[in-house]
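Q: any chance you can model this:
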Amino acid sequence: MKPLPRRFYIRETLTVAEELLGKKLVRHTDNTRLVGKIVEVEAYRGSDDPGSHAYRGMTPRNRLMFGKGGFAYVYFTYGMHYCFNVVTERQNAPGAVLIRALEPLNGIETMRKNRGNKNLLNLTNGPAKLTEAMNITKKQNGLDLTRSKELFICEPKVKEKFEVVSTKRIGIKGGADKPWRFYIKNNKSVSRK
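A: Alright, predicted model coming up:
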C-alpha cells in the first residue's frame, strides 16, 4: 500500500474530491491496520466559498488549508467531534476535502470497539463516526499524507466502476447550495442518500 503522491493533491479541489472516491483510507494504530473505502466527500475552497473555513482568510485554525496539498487537516467541531480533511491545491490557494463516509474493509472489529457499535452500516457513515472508528484525532492534524505510515490514502488494488452523485453539501449554512458533495451511488455506507 503506497500513499498517493503529492501531485494527486495539488490539483483543483473539486477534481481531487471526486477522484478520492473509491480510494482507500489507511490508518495504522497499535499494530492494527484500519482500512476503509472512501465513499462520500465534500469539497471546500477559499474566498469564493462561504461554507469554507478559509472564506475569511487565514487563521491559526485553518492555516493548513493555505499550505500545499497532501496534508491532513483535522479539526474539532460542536465541542465533541473530529472531522478529517485532506488539503488540496498549491501553496496559498486554500482548499480541502472533507472525508464524509467510508465503507469499512479491514480492522472492522477494532473500529467497532472504538465506536462501541456493532452495526456495520452505521460504523463509518458520517465524518465524526469515521474519525472515531479510525481513531483520528487532533494528533493527526498536519500529517503529510504522502509520507506518513500512520495515516494515508492509496489506490485500491482493483479499480471498480461506479457512478458518482453530486449534491448540495450537508450541515452548513453559507454555500450550502453548491453541489460539492460527491458520493458513490447505491453504496450503503454513504451518510445520507
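Q: which neighbouring elements make contact with whichever strand or helix holds residue 97?
A: Per DSSP states H and E, residue 97 falls inside strand 96-106. Judged by 3 or more CB pairs under 8 Å, 6 or more residues apart in numbering; DSSP states H and E, the packing partners of strand 96-106 are helix 13-20, strand 24-29, strand 32-44, strand 81-87, helix 127-133, strand 181-184. Every C-beta, even on glycine, is put in place using the N, C-alpha and C of the backbone.
Q: recalculate using a threshold of 7 Å.
A: helix 13-20, strand 32-44, strand 81-87, helix 127-133 (3 or more CB pairs under 7 Å, 6 or more residues apart in numbering; DSSP states H and E).
Q: hey, C-alpha coordinates of the first one in PDB?
A: What follows is the C-alpha trace of helix 13-20 in PDB, where atoms were taken according to Å, rounded to 0.1, in the frame of the first residue of the first chain:
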ATOM      1  CA  THR A  13     -10.200  20.900  -5.100                       C
ATOM      2  CA  LEU A  14     -13.400  19.700  -6.900                       C
ATOM      3  CA  THR A  15     -11.300  17.400  -9.100                       C
ATOM      4  CA  VAL A  16      -9.500  15.900  -6.100                       C
ATOM      5  CA  ALA A  17     -12.700  15.500  -4.200                       C
ATOM      6  CA  GLU A  18     -14.400  13.400  -6.900                       C
ATOM      7  CA  GLU A  19     -11.300  11.400  -7.600                       C
ATOM      8  CA  LEU A  20     -10.900  10.500  -3.900                       C
END
